[in-house]
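Chemist: Give me a model of this one.
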Amino acid sequence: MEDSTVTQPSLGDVLDGVAEAVLTNKESSPDATERLIDGMPAAKVFRHREVMLIQAITEKYGQQLGGVTTDSLVKEFLGTEPGGGGGKIDSGAGSYDNRGALDIDTSQPMMEVNGSEEVDSGKNQLAEFTDRVKFIPLRLTFNERKLLRLCEAALNVSEYTDKVDILTWKSKTGRIHEQLRDICAILSGLAVAADYEVGQKMIKDRTFEDNSEYFATVFEIGRRHKILNPECMRTDYGKLVHMLMDSQNPDIQRLLEFKLVKKVLTVYDFLKSRDSLTMLKSPDVIIATTAIVDRGRTKEEVKQAIKCKESAVKRIVRKYSNDDLSEDEIEWCLYSIGDNSSFLVFNRDPVDQMISYLNSNFSASLPADSPRSLCIRSGYKGARLSHPHTQQHQYCLQTLTLWREIQNDMFKLWCLAEDDLLASNNYYSLRDTGQGLNRVQSAPAIGRAMHEILHRSQKKVGSWIGSSVVHLGDHNVPNALTFIDKYTQVPRILNPIVQVIEAIPRCAEHPHVMDMIVAAHGSVKDCQLDILQDFFKHAFDGSGADNFYDAGSCIDGRLTSAWNWCNKLDKKHYYPIFKLTGFTGFDGSFKN
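Modeler: Numbering: from 1, shown residues only. Presented below is the predicted three-dimensional model:
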């Protein structure tokens, strides 16, 4: 029996012309397994980006190029969509000259893992709860709040970024070192003012290096307070992070000879240090930390929920208190987890409410000629996308779903953002991004987390309309701090809208207000729907920038469009309704 195995010729025989090369398709060959980017084939992703670039160039320089069209440029330089017939032009779905034609359907089949379909990991509620606790900071104690006041006072009088983030010929390392020592000196002086005996003991015959733990603790308390209360330290937190970023530089470390950065203390880390992680597996822990909301509940139901919560706390305290973990410390941990539940109520629930408004009042099955249609057309009322009602409904739903998932994981994202910002080997460059000088720095941890969230959102809503590009470390989103700041704006935008919609019926109880609403809108319900319809149409229309790469339908461009809608609110015909319901603005207060 002959051996059917094909003998591979040697390299020498091939080079000498004695034998012909035999080409084989290895597993590592690019043709065997196409590389994916954000779950999409790399070739398709790169084509989408090239089309976006051609469209932006044609939009700005089309007349100077002799009136060439985007269609002709795409056909000439990029050809048809790989795979045949899948392009927007070939399929008859539209024209690249239409601004809305950049919408990209990134729907994909169920991903496979080791040859089998990926399924839900089946984590139970307690396992998910434990994962969440790993990123929940521990609430500040009374003594830590004293140190927080010192931190806020030192940052308030500091001009750190004004002195460091400037373009000058002087040595930046020297300026950073000088500013850091100044802040440490201010903290030392404030410590003496707050508690003379302790402060005097701290600075007497000692250098800054001897008090490095004290300084690191003060700054850690400031960071922990900010994560728990995003509305606080809105100006000082930027100074704090930029200062700590510089302190991690190896050149600065050699000058300072001590570290200012320590890990934020979380509930999980605290319980682990006390060997009490078993407490997180108790079925009562979820009841004991759930925020009590009165929406849709009677007074008796709220009282009963509070009573159940208090009972669960007492059972946990009795069961898990020991010599290593006191009753007060257990309650402190439970209250800290409860802070996260309250955060979700005020930041995630408004997104859920807007999704409910969208699905209940603007169903995807509405006919095209319905007066409540959400269809938008490029060029009309500032829109830069063109969507029929069904497509716009899906576009709004997927955007709100993405925002919901981001708010749900905000504490985790914040911790990962600080890991990226304060990594000693993650350098930044100071550049003019078009919005002043910014520190441009990569954010790998945030990038991975966002891809997971994006994939989770895509699975929830099905087909994906628009681009799935996440801007990080570029002129749009220079660093992880800017990313966090962008998405803390979502509840500041949606909360006032939800409050206005809910307050309109109460305002309409006044006869004069009712007359005004009827004259302008027809009824209270129509007034609410007019506001919501305008929001779902023009807060998601790709507006807010002068090219598709900065706004359009990319992940960050969706939030840019919402900002643009907020900026134009005072020009809307329903703006008096907002003022009557107590609306004061979207940005909130910058005071602590």
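Chemist: Let me know the pLDDT of Met52.
Modeler: What the model reports for Met52 is a pLDDT of 71.
Chemist: check which helix or strand covers it.
Modeler: helix 42-61 (DSSP states H and E).
Chemist: Helices of the stretch 51-200 of the chain, residue ranges please.
Modeler: Here the stretch 51-200 of the chain has its helices, by DSSP state H, counting those that start in this stretch, at 70-73, 125-133, 142-157, 160-164, 172-194, 196-203.
Chemist: What lies in contact with the fourth one?
Modeler: Defining contact as CB atoms under 8 Å, 6 or more residues apart in numbering, one finds that helix 160-164 is touched by Lys172, Arg175, Ile176, Gln179, Ile183, Gly238, Lys239, His242, Met243, Asp246. Every C-beta, even on glycine, is put in place using the N, C-alpha and C of the backbone.
Chemist: residues contacting Ser158?
Modeler: Taking CB under 8 Å, 6+ apart, one finds Gln179, Asp182, Ile183, Ile186, Lys239, Met243 in contact with Ser158.
Chemist: Please, which helix or strand holds Glu331?
Modeler: helix 327-347.
Chemist: could you give the mean pLDDT of that helix?
Modeler: For helix 327-347, the mean pLDDT works out to 93.
Chemist: I figured Ala216 hits Val264, correct?
Modeler: No. Under the criterion of CB atoms under 8 Å, Ala216 lies out of contact with Val264, with a separation of 11.3 Å.
Chemist: Ala445: neighbour count?
Modeler: By other CB atoms under 10 Å, 19 other residues sit near Ala445.
Chemist: next one: His521
Modeler: By other CB under 10 Å, 19 other residues sit near His521.
Chemist: How about it: what's its closest non-neighbour residue?
Modeler: In space, and not counting its chain neighbours, His521 is closest to Cys527: 4.0 Å by CB to CB, 6 or more residues apart in numbering.
Chemist: A strand includes the one you found, no?
Modeler: No. Assessed with DSSP: H, G, I helix; E, B strand; the rest coil, Cys527 is helix; it does not lie in a strand.
Chemist: who's in contact with it?
Modeler: Per CB under 8 Å, 6+ apart, neighbours of Cys527: Ile504, Ile517, Ala520, His521, Tyr574, Ile577.
Chemist: any idea how far Ile453 is from the residue nearest to Leu126 when sequence neighbours are not counted?
Modeler: Closest residue to Leu126 apart from its sequence neighbours, by CB to CB, 6+ apart: Lys281 at 5.9 Å. Lys281 sits 26 Å away from Ile453 when distances are taken as CB to CB, to the nearest Å.
Chemist: More neighbours: which of those two?
Modeler: Between Lys281 and Ile453, Ile453 has the larger neighbour count (other CB under 10 Å), namely 21 against 11.
Chemist: Show the pLDDT at that one.
Modeler: Per-residue confidence (pLDDT) for Ile453: 93.
Chemist: Where does the residue lying closest to Asp275 once chain neighbours are set aside sit, in terms of helix or strand?
Modeler: Nearest non-adjacent residue to Asp275, counting by CB to CB, 6+ apart: Asp324, 6.3 Å away. Asp324 is part of no helix or strand, with elements assigned from DSSP H and E.
Chemist: Give me the phi and psi for the residue most central in space within the chain.
Modeler: Residue closest to the average C-alpha location in the chain (CA atoms, centre = their mean): Tyr487, at 4.4 Å. Torsion angles at Tyr487 (phi, psi; degrees, to the nearest 10) stand at phi -90, psi -10.
Chemist: so what's the closest residue to it other than its chain neighbours up against?
Modeler: Excluding its sequence neighbours, the residue lying closest to Tyr487 (CB to CB, 6+ apart) is Ile406, at 5.2 Å. With contact set as CB under 8 Å, 6+ apart, Ile406 has these partners: Leu413, Ile453, Tyr487, Val490.
Chemist: Filter these down to just the ones in helices.
Modeler: Leu413, Ile453, Tyr487, Val490 (DSSP state H).
Chemist: Report the contact partners of Gln528.
Modeler: Contacts of Gln528 by CB under 8 Å, 6+ apart are Ile501, Ile504.
Chemist: next one: Val317
Modeler: Contacts of Val317 by CB under 8 Å, 6+ apart are Glu327, Ile330, Glu331.
Chemist: and with 10 Å instead?
Modeler: Met279, Ala288, Leu325, Ser326, Glu327, Asp328, Glu329, Ile330, Glu331, Leu334 (CB atoms under 10 Å, 6 or more residues apart in numbering).
Chemist: how distant is stretch 345-358 from the center of its chain?
Modeler: Chain-centre distance of stretch 345-358: 16 Å, with CA atoms, centre = their mean, to the nearest Å.
Chemist: Can you show me the CA trace of it as PDB?
Modeler: Once non-C-alpha atoms are left out, stretch 345-358 reads as follows in PDB (Å, rounded to 0.1, in the frame of the first residue of the first chain):
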ATOM      1  CA  VAL A 345     -31.300  54.900  40.800                       C
ATOM      2  CA  PHE A 346     -30.200  58.400  39.900                       C
ATOM      3  CA  ASN A 347     -28.000  57.600  37.000                       C
ATOM      4  CA  ARG A 348     -29.200  54.400  35.300                       C
ATOM      5  CA  ASP A 349     -33.000  54.600  36.000                       C
ATOM      6  CA  PRO A 350     -33.500  57.800  33.900                       C
ATOM      7  CA  VAL A 351     -32.100  55.900  30.900                       C
ATOM      8  CA  ASP A 352     -34.500  53.000  31.600                       C
ATOM      9  CA  GLN A 353     -37.400  55.600  31.800                       C
ATOM     10  CA  MET A 354     -36.400  57.100  28.400                       C
ATOM     11  CA  ILE A 355     -36.300  53.600  26.900                       C
ATOM     12  CA  SER A 356     -39.800  53.100  28.300                       C
ATOM     13  CA  TYR A 357     -41.000  56.400  26.800                       C
ATOM     14  CA  LEU A 358     -39.500  55.400  23.400                       C
END
